[in-house]
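> Here is a sequence together with a model predicted from it:
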Amino acid sequence: MRIPRLLFLLPLTMLVSLAGSAQTADQSLANCSGWKALRNIRTSTYYVSATCEMPTPGHTVELVPADPQGSDASVCVLNEVVHAPEGMVAQVITGFKLYCRNRTRTSYKEFVIKPGGIHVSVEEMKPKAAPSATTPSASTTEKK
């Protein structure tokens, strides 16, 4: 019995189509924008946030400190890790609010998000100033 030549080509075409859809190390499923990095001076806590578009509703993304860190101690390198959903999900681009909090004594000036190589400068959150004794408050103001 003779097997048609097209059946031999079927595995090859499947392999080529799978190779074209595979993620490379430089790509991420998360399309994130609006990156912000804040530092609370009082608590030495860093907050990194972004808004991401995920390919399906079940995908989640988190930021994990890279190991090892780079040679510059003032730069924190974070890896963007995408978790795919289990089972069948709708193929709808879905918004996801990415939020990471880290308490450390290290004074970072910048965060680098990999695999995209995004650089995010740290802004300092200044504590609200308490009213001074010389500033009149509503309870001590006199009417003339």
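It's in. Residues are numbered from 1 along each chain as shown.
> is Val77 in a bridge, and if so with what?
Taking DSSP bridges as the rule, Val77 bridges to Val112.
> typed the wrong thing, it's His119
Val112.
> Remind me which helix or strand Leu63 belongs to.
According to DSSP states H and E, Leu63 maps onto strand 60-65.
> wait, I meant Ala73
Counting by DSSP H and E, Ala73 is part of no helix or strand.
> Roughly how far does it sit from Glu123?
Using CB to CB, to the nearest Å, Ala73 is found at 19 Å from Glu123. The way it works is simple: take the backbone N, C-alpha and C, and place the C-beta from them, glycine included.
> ok, now Ala30?
Look at Ala30 and Glu123: by CB to CB, they are 23 Å apart.
> Look at these two and report which has more neighbours.
Comparing Ala30 with Glu123 by other CB atoms under 10 Å, the one with more neighbours is Ala30, at 21 against 11.
> so what's Tyr108 closest to, chain neighbours aside?
Distances taken as CB to CB, 6 or more residues apart in numbering put Cys76 closest to Tyr108, at 4.7 Å, once the chain neighbours are dropped.
> Might you report the residue contacts of that neighbour?
Tyr46, Pro65, Gln69, Asn102, Thr106, Tyr108, Glu110, Phe111, Val112 (CB atoms under 8 Å, 6 or more residues apart in numbering).
> ok, now Ala90?
Here Ala90 is in contact with Thr56, Pro57 (CB under 8 Å, 6+ apart).
> For stretch 59-66, the averaged confidence score.
Rounded to a whole number, the mean pLDDT of stretch 59-66 is 90.
> Repeat that for stretch 39-56.
90.
> Could I get the buried residue list for that stretch?
Using 16 or more other CB atoms under 10 Å as the test for burial, stretch 39-56 gives Arg39, Tyr46, Tyr47, Val48, Ser49, Ala50, Cys52, Met54, Pro55.
> Let's see which of those end up in strands.
Judged by DSSP state E, the buried residues of stretch 39-56 include Arg39, Tyr46, Tyr47, Val48, Ser49, Ala50, Cys52, Met54 as members of strands.
> With that, I have no additional questions.
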